[in-house]
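Visitor: Sharing a model that was predicted from the sequence below.
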Amino acid sequence: MAHLFQMEDDTVLEQLNYTGVTTFIIAGFTGTKKLQVIYFITFLLIYLLTLGGNIILLITLKTESSLHTPMCFFLSNLAILEIGYTSVTLPKLLAISLGRSKAISLTACLVQSYFFFFLGSTECFLLAVMAYDRYLAICNPLRYSTLMCSRMCIYLALASWVTGFLNPCPSTILVGRLHFCSNIIDHFFCDVPPLLSLSCTNTYISRTIIFISSAVIVLGTFLLTMLSYVCILATLLRMSSAKGRQKAFSTCTAHLTVVSLYYGTVIFIYVNPTGQNSMEVNKVVSFIYSVVTPMLNPIIYSLRNEDVKKALKKMMLRRFCPGRQTF
């Protein structure tokens, strides 16, 4: 069976000399057959944990009336996004690890790249919006309910999704117009940097435009997020009540943890003027922000957010111990 798959991949390579690149081969994570089995089991567990964790978080946020707040509304959007984010890359990676064909058509490759950047850009905007929500709640509590009303929450969430949807269009068009001399993608999905490295033509303009676009989105939202937290920190330091300061800070730690993990890895990959990172390093870092982070987000928010933790415990007790009183 493995021999047949190898013959298929070799046939794809031979077609390059005659028809050009219409199909790519995704290298994935290399290793022996035993290591590939370990990869498959690990990736499958991560995928199931990501789906299960985010679905449970969504159900908790939906069913518990105490969590019907602006922050939890944005958190629901983030959970939906994370499910889609991992579903863009992991199913194909699971198939590759299982020994199935590594081939992917040019169209499917561009679609995968587009949705990956669409959801990644949307996450940047959502994280910035969530930081702004915490800023209003802590720095302007008297006007919070007025400023962050239901309509404003919907507008901010919709703006994040629409802007994220539009952001990958230039990069997808630019990559789609390139002429490729090789079809071996040394990555575990169709990411833009390895695709650019396969082009025979000069990619300076494409790289520059994609770099500027990534820098504006990633650094712009990151700076807005950090500005919100600088204002929050200044407000917390002025609080006379230590208990109030601790409670306010506890509502921000989960979000700060997610922001640090996500932006740290994304900036390393995409906001790099030289782009001289080795592909193995890029694979590992990309795996962290695109696969590991979506799995950890529901865990982080459940453990670091007291309101979510209490609501989750209450829901579980009501589900598995219906006769037990919950407070």
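Guide: Done, it's in. Source: prediction; values computed, not measured. Numbering: from 1, shown residues only.
Visitor: after the strand or helix carrying Thr208 comes which helix or strand?
Guide: Per DSSP states H and E, Thr208 falls inside helix 204-238. Using DSSP H and E, the helix or strand that follows helix 204-238 towards the C-terminus is helix 242-270.
Visitor: quick one: low-confidence parts of the stretch 151-300 of the chain?
Guide: Applying pLDDT under 70 to the stretch 151-300 of the chain flags residues 241-245, 247-248, 250-251, 272-278.
Visitor: now the helix holding Thr208: how far from the chain's centre is it?
Guide: Here helix 204-238 shows a centroid-to-chain-centroid distance of 16 Å under the convention Cα atoms, centre = their mean, to the nearest Å.
Visitor: Please name every helix or strand in contact with it.
Guide: helix 106-139, helix 169-176, helix 192-197, helix 242-270 (3 or more Cβ pairs under 8 Å, 6 or more residues apart in numbering; DSSP states H and E). Using the backbone N, CA and C atoms, a C-beta is placed for each residue, glycine as well.
Visitor: Need those in a markdown table (columns: mean neighbour count and distance to Leu224).
Guide: Shown next, in a markdown table, are those (neighbours: other Cβ atoms under 10 Å; distance: least, Cβ to Cβ, whole Å):
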| stretch | mean neighbour count | distance to Leu224 |
| --- | --- | --- |
| helix 106-139 | 21 | 5 |
| helix 169-176 | 17 | 22 |
| helix 192-197 | 20 | 24 |
| helix 242-270 | 17 | 11 |
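Visitor: what's the angle between the helix holding Thr208 and helix 106-139?
Guide: If you take axes from the mean of the first three to the mean of the last three Cα atoms, to 10 degrees, helix 204-238 sits at 20 degrees to helix 106-139.
Visitor: Can we start the residue count at 332 from this point?
Guide: OK, 332 is where the count begins now, so the last one is helix 535-569.
Visitor: can you map out the strands along the stretch 332-481 of the chain?
Guide: With DSSP state E, counting those that start in this stretch, the ranges of strands along the stretch 332-481 of the chain come out as 354-357, 434-436.
Visitor: Buried deepest among these, which one?
Guide: Among the strands of the stretch 332-481 of the chain, ranked by average contacts under mean count of other Cβ atoms under 10 Å, first place goes to strand 354-357 (a mean of 22).
Visitor: Run me through the strand neighbours of it, direction for each.
Guide: The strands that strand 354-357 pairs with in its sheet are strand 434-436 (antiparallel), strand 515-516 (parallel) (by DSSP bridges).
Visitor: Take those strands and write them to a markdown table, including distance to Leu458.
Guide: Shown next, in a markdown table, are these (distance: least, Cβ to Cβ, whole Å):
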| stretch | distance to Leu458 |
| --- | --- |
| strand 434-436 | 30 |
| strand 515-516 | 28 |
